[in-house]
Every structure is written in C-alpha cells, then in structure tokens.
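1. Got a sequence here, can you model it:
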Amino acid sequence: MISSERYVTFPLLIILLCKGHKADGQIMQLVDQSGRQGLRWTAAIRALEQQSSIPIDHAEFAEVIKGLTDEGVIKIIGEREKRTIRRLAD
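-> Reported below is the predicted structural model:
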C-alpha cells in the first residue's frame, strides 16, 4: 500500500532523486569539470538534457540548484541568462 507521503508525480520523483545523491552528483560533476570559471546555467541544463531521455524542467532544475545553494555546496553568480554555478570550498 502506498501512503500519500510517498505518492509523487514522475517529475517530482526526478527532483527528489536530484536532491538525493544521483542527479545532484551529476550536477556537481559538471561543476567540477568546468573548473574555476564555473558552469553556465544554460550549459548545465543542456548537458543534463543530453544525458536524459526526457526533457529537463527548468523550474525543477532551479529548485535543485536552490537546494544545493541552501546547503552551502554551490554559489550562483550573475542573473538570468548570465548565471554561473560555482562550487564553494569544501
């Protein structure tokens, strides 16, 4: 029996996975590969879409990034199209 707490829609399930370990690890791997200059927001979405068989919802991606920012793992620099994701020191 599925409790109401565990019943989620498919896109929300992806976000929960992102907030867990799998997808946020992929995001962090992309950020690490980008080096000191950071990873452009649009480049991150594009790279994740290339790895995924379904389109990435930009609003849900923003929620995952906000969660990583709130945890103090990354920092967002810039606004709108010019946003860059940078890793904070460990």
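
2. For residue 71, grab the count of nearby residues.
-> By other CB atoms under 10 Å, 11 other residues sit near residue 71. Bear in mind the C-beta positions are built from the backbone N, C-alpha and C, glycine included.

3. repeat for residue 67
-> Residues near residue 67, counting by other CB under 10 Å: 15.

4. buried sites along the helix or strand hosting it?
-> Applying DSSP states H and E as the criterion places residue 67 in helix 58-70. If you call a residue buried by 16 or more other CB atoms under 10 Å, then helix 58-70 has these buried ones: 61, 64-65, 68.

5. Might you calculate how far stretch 26-40 sits from the centre of the chain?
-> The chain centroid and the centroid of stretch 26-40 are separated by 11 Å, computed with CA atoms, centre = their mean, to the nearest Å.

6. Could you export that stretch as CSV, CA atoms only?
-> Output of stretch 26-40 as CSV, limited to C-alpha atoms (Å, rounded to 0.1, in the frame of the first residue of the first chain):
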residue,chain,number,x,y,z
GLN,A,26,25.9,14.6,-11.8
ILE,A,27,25.4,18.4,-11.4
MET,A,28,28.4,18.6,-9.1
GLN,A,29,30.5,16.6,-11.5
LEU,A,30,29.6,19.1,-14.3
VAL,A,31,30.5,22.0,-12.0
ASP,A,32,33.8,20.3,-11.1
GLN,A,33,34.7,19.7,-14.7
SER,A,34,34.1,23.3,-15.6
GLY,A,35,37.0,24.5,-13.5
ARG,A,36,37.5,27.8,-11.8
GLN,A,37,35.3,29.8,-14.2
GLY,A,38,32.2,27.9,-13.1
LEU,A,39,29.4,26.3,-15.2
ARG,A,40,27.0,28.4,-17.1
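
7. what does it contact?
-> For stretch 26-40, contacts defined as CB atoms under 8 Å, 6 or more residues apart in numbering pick out 18, 43-44, 47-48, 51, 64-65, 68, 73-74, 77, 83-87.

8. Of those, select the buried ones using a PyMOL command.
-> Buried members of the contacts of stretch 26-40, defined by 16+ other CB under 10 Å, are picked up in PyMOL with:
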select buried, resi 18+44+47+48+64+65+68+73+74+83+84+85+87
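
9. What about the contacts of stretch 26-40, which are in helices?
-> Applying DSSP state H to these, the entries found in helices are 18, 43-44, 47-48, 51, 64-65, 68.
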